[in-house]
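> Pasting a predicted model and its sequence here:
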Amino acid sequence: MSKQSTTVKLSSDFETVLADSSSQVASFDTNEKSLMMKFQHFLHSSPAMVPLIVLIMSIIFFGALVGGKFFSAFALTLILQQVAITGIVGLAQTLVVLTAGIDLSVGAIMVLSSVIMGQFTMRYGIPAPVSILCGIGFGGLMGALNGFLVAKIKLPPFIVTLGTWQIYSATVYIYGNNETIRSQDIEAASPLFQLLGHSFRIGSAVFTYGVVLLLIMAAVLWYILSKTAWGRHVYAVGDDPEAAKLAGVSVTKMLISVYLFAGVICGIAGWALIGRVGSISPQSGQFANIESITAVVIGGTSLFGGRGSILGTIFGAMTVGVFALGLRLWGTDPQWTFLTVGVLIISAVAVDQWIRKVAG
């Protein structure tokens with residue numbers, strides 16, 4: 001064999017080795033990336049998984065920190081009782097955020113609806129069932145006004161609901177004469193007003209009818225969003241309104257219906273608020289808008305729209321309740337609750353950005 005042919009053969013063998021090594025490295029990198037991408041795509045397709053993991057870890061952490069009493073049925077159901085109002089309002093907020101909007105007026109709608117219910121019966125003598133339905137109906141009208149301004153007039157949701165929040169909040173004091181309707185007067189008028197605040201036991205667990213209502217509403221909304229055309233259109237509008245319009249979805253009608261539906265849910269929350277507080281006060285539910293946004297964000301619903309779940313919002317609300325109860329049982333200052341919840345909010349948004357970046 002000549003020197004030239006030997007050199008050619010060695011060069012060919014060297015190139016073959018390099019090619020094999022490169023393919024192995026590329027294969028290794030692909031495998032590594034695919035595992036990470038599979039995990040991120042799993043989180044993207046299952047938005048409720050991240051808040052569920054956080055909730056379970058929180059329960060385990062505070063259980064180990066404050067003792068076994070934290071794992072008791074009474075303690076866990078107490079958390080549900082405390083977050084029932086936030087959870088119901090959070091359901092309304094979830095619908096709006098899924099469309100890439102936000103509703104700062106949800107708390108004001110809830111309180112004004114409760115004031116309307118009380119005033120209709122106390123001032124005008126209207127039967128309690130009719131007053132409650134009227135309050136829920138007015139909640140829907142207030143939500144529809146938000147939707148009209150956002151969808152038809154094309155105003156930013158943040159600005160619209162910031163303005164209506166102020167309007168509805170002022171109306172609470174003006175229409176209600178800045179007066180609190182006492183628990184005794186409500187009970188004398190009709191026990192129906194405080195029905196959702198009544199409790200019952202299942203073993204050592206204590207539930208209120210407000211908690212039962214929250215769970216039923218969450219199940220119904222989960223079905224609507226995951227199994228109906230309306231629910232699919234909500235996600236489509238939030239993900240890409242232009243593409244949804246090209247697919248035949250009436251974006252304007254969808255947005256109005258979403259805000260209207262959210263208003264109805266806030267009206268129902270107003271009824272639950274009467275049962276929870278025991279009275280009808282213009283001061284109640286002042287931070288419901290912030291608390292609902294907190295539950296939605298920690299629950300994994302993307303502020304950019306198009307991704308999120310009802311279950312995630314419930315898990316997010318419960319996580320906040322776990323931190324509040326756990327830190328209180330540990331004997332810390334209440335400000336630590338705000339600090340940890342703030343960290344959770346920022347972390348939730350960071351995780352959402354990470355998931356969207358890779359899944360996209």
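In hand now; what should we look at? For clarity, every value in this text was computed on a predicted model and none was experimentally measured.

> which residues touch the residue nearest the centre of the chain?
Nearest to the mean C-alpha position of the chain, counting by CA atoms, centre = their mean, stands V296 at 2.8 Å. Residues near V296 by CB atoms under 8 Å, 6 or more residues apart in numbering: 90, 93-94, 97, 308, 313, 316. Glycine gets a C-beta too; all of them are placed from N, C-alpha and C.

> Please list the members of those that lie in helices.
When helices are assigned by DSSP state H, the members of those inside them are 90, 93-94, 97, 313, 316.

> Quickly check the residues you listed for the two that are furthest apart.
Spatially, the most separated pair among those is V97 and G316, at 11.5 Å (CB to CB).

> tell me the SS of L104?
coil (DSSP: H, G, I helix; E, B strand; the rest coil).

> Got phi/psi on it?
Dihedral pair for L104: phi -80, psi -10, per degrees, to the nearest 10.

> OK, contacts around it?
So L104 contacts 158, 161-162, 165, 289 (CB under 8 Å, 6+ apart).

> do the same with N178
N178 touches P282, counting by CB under 8 Å, 6+ apart.

> Now for the spatially closest residue to M49 that is not a sequence neighbour, how many residues are close by?
Distance criterion CB to CB, 6 or more residues apart in numbering; nearest residue to M49, sequence neighbours excluded, is L43 at 5.9 Å. Around L43 there are 20 other residues, counting by other CB atoms under 10 Å.

> Relative to R232, how far out is L43?
Separation of L43 from R232 (CB to CB, to the nearest Å): 21 Å.

> Please, where are all the strands along the stretch 201-350 of the chain?
Ranges of strands in the stretch 201-350 of the chain, per DSSP state E, counting those that start in this stretch, are 205-208.

> For Q184, list the residues it contacts.
With CB under 8 Å, 6+ apart as the criterion, no residue contacts Q184.

> so where does it fall, helix or strand?
helix 183-189 (DSSP states H and E).

> pLDDT averaged over that helix - what is it?
The average pLDDT for helix 183-189 rounds to 91.

> quick one: that helix to chain centroid distance?
Centroid separation for helix 183-189 versus its chain: 33 Å, with CA atoms, centre = their mean, to the nearest Å.

> Helices along the stretch 51-200 of the chain, start to end?
Here the stretch 51-200 of the chain has its helices, by DSSP state H, counting those that start in this stretch, at 73-98, 106-124, 128-151, 157-175, 183-189.

> low-scoring stretches of the chain, by residue?
By pLDDT under 70, the weakly predicted segments of the chain are 1-33, 36, 39-40, 44, 358-360.

> thinking again about what came up before, okay, the contacts of V296 in JSON lines with distance to I60 and neighbour count next?
Formatted as JSON lines, the contacts of V296 follow (distance: CB to CB, whole Å; neighbours: other CB atoms under 10 Å):
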{"residue": "G90", "distance to I60": "24", "neighbour count": "33"}
{"residue": "Q93", "distance to I60": "28", "neighbour count": "31"}
{"residue": "T94", "distance to I60": "26", "neighbour count": "27"}
{"residue": "V97", "distance to I60": "29", "neighbour count": "29"}
{"residue": "G308", "distance to I60": "25", "neighbour count": "26"}
{"residue": "T313", "distance to I60": "22", "neighbour count": "33"}
{"residue": "G316", "distance to I60": "17", "neighbour count": "34"}
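
> Export those as a markdown table, with columns for distance to F323.
Below are the contacts of V296 laid out as a markdown table (distance: CB to CB, whole Å):
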| residue | distance to F323 |
| --- | --- |
| G90 | 16 |
| Q93 | 19 |
| T94 | 20 |
| V97 | 21 |
| G308 | 21 |
| T313 | 16 |
| G316 | 11 |
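
> if we take the residues you listed, which one ends up nearest to G176?
Comparing the contacts of V296 against G176 with CB to CB places Q93 closest, at 24.1 Å.

> Of the contacts of L104, keep whichever come out buried.
Neighbour counting over the contacts of L104 (16 or more other CB atoms under 10 Å) leaves 161, 165, 289 as the buried ones.

> so the first one touches G107, yeah?
No - T161 is not in contact with G107 according to CB atoms under 8 Å; the separation is 10.6 Å.

> returning to what we had before: now the contacts of L104 in CSV, with distance to L192?
Conversion of these to CSV gives the following (distance: CB to CB, whole Å):
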residue, distance to L192
F158, 37
T161, 30
L162, 34
W165, 29
N289, 27
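
> Quick check: the two most widely separated of those?
F158 and N289 (11.7 Å).

> residues contacting G137?
So G137 contacts 264, 267 (CB under 8 Å, 6+ apart).

> Kindly report the same for the one 5 residues further on.
Under the criterion of CB under 8 Å, 6+ apart, the contact list for M142 reads 105, 109, 112-113, 164, 168, 263, 266.

> Contacts for stretch 220-236 next, please.
By CB under 8 Å, 6+ apart, the surrounding residues in contact with stretch 220-236 are 91, 94-95, 98-99, 243-244, 247, 249, 254, 257-258, 306-307, 309-311.

> which parts of the helix holding Q184 are buried?
By neighbour count on 16+ other CB under 10 Å, the buried set for helix 183-189 is 183, 186, 189.

> The nearest residue to L329 once chain neighbours are set aside: neighbour count?
What sits nearest to L329 in space, not counting adjacent residues and going by CB to CB, 6+ apart, is V66, at 4.4 Å. Residues within reach of V66, counting by other CB under 10 Å, total 18.

> Thought L327 was touching V66, still the case?
No - with contact defined as CB under 8 Å, V66 does not count as touching L327 (9.2 Å).

> how close does the nearest residue to T77 once chain neighbours are set aside get to V264?
Distance criterion CB to CB, 6+ apart; nearest residue to T77, sequence neighbours excluded, is A205 at 4.5 Å. Between A205 and V264 the distance, using CB to CB, works out to 30 Å.
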